[in-house]
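Peer 1: test case, fold it:
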Amino acid sequence: MATRRYVIDTSLFVNPHAREKFGKDPSAAVLAFVKQAEPLDIEVFMPPSVFCELRNFADAKSIEELELFVKKRAPNTYGIYLPAAVLYDFIDDIRQRVNKGLRLAEEFAKDNHPDNDEKLRKLRDKYREAMRTGIVDSKEDFELVLLAKELEATLVSSDEGVMKFANQVGCEYLSADRFFAALSKLK
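Peer 2: Residues are numbered from 1 along each chain as shown. Okay, here's the model as predicted:
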């Protein structure tokens, strides 16, 4: 059987639901992941930008262990083909989100009730949900999908937008909360 390849997202260790089988916090989850995955016939990749992002959540010891195991590789952004239809859908989605965000801001501006701090908190939450949920919203997210496509690897993430985009470009993906079980079956 061929070696399986995975591209892993920070959400595997940061999202509480995704990491619960690996550990109670990001550092413990990273160490448990390495311990479980090391003896398996798999290759695990992370774009350098995503690996760097993980440094903000896990301690130095766990990052050092992961660095010895995971392969850091940036996608070849000049050599990967993406269908124009994907970009077309992305632009349409962005326009709809911007319009929804604008309506939320208008609603906030029209509300003359006091308690601005509470109103601002609600606006921030609603705006974040309208603009960022279910969409690739960072270069790190984009690099995950591109690398998985380039390597023909399974993308592991709990980010809805990353998985949606992976599906659009024809990448195999696995929800991060199912990854522990998938690794257990490879033993």
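Peer 1: alpha carbons only for contacts and neighbour counts from here, please
Peer 2: Fine.
Peer 1: now what about the worst-scoring helix or strand of the chain on mean pLDDT, what contacts it?
Peer 2: One helix or strand of the chain scores below all others by mean pLDDT, DSSP states H and E: helix 116-132, with a mean of 72. With contacts defined as C-alpha atoms under 8 Å, 6 or more residues apart in numbering, helix 116-132 is touched by 94, 97-98, 100-101, 104-105, 108.
Peer 1: pick out the most distant pair among those.
Peer 2: Greatest spacing in the contacts of helix 116-132, by C-alpha to C-alpha: Ile94 and Phe108 (21.0 Å).
Peer 1: element containing the closest residue to Arg178 other than its chain neighbours, please.
Peer 2: The shortest distance from Arg178 to any non-neighbouring residue, by C-alpha to C-alpha, 6 or more residues apart in numbering, is to Ala18 (7.6 Å). Per DSSP states H and E: Ala18 is located in helix 16-19.
Peer 1: may I see the buried residues of that helix?
Peer 2: Residues of helix 16-19 classed as buried by neighbour count (16 or more other C-alpha atoms under 10 Å): 16, 18-19.
Peer 1: filter the contacts of helix 116-132 to the buried ones?
Peer 2: 97, 100-101, 104-105, 108.
Peer 1: from Ser158, how far out is Gly23?
Peer 2: 16 Å (C-alpha to C-alpha, to the nearest Å).
Peer 1: what's the average pLDDT for the lengthiest helix in the chain?
Peer 2: Assignment by DSSP state H gives helix 84-110 as the longest helix of the chain. Across helix 84-110, the average pLDDT comes to 75.
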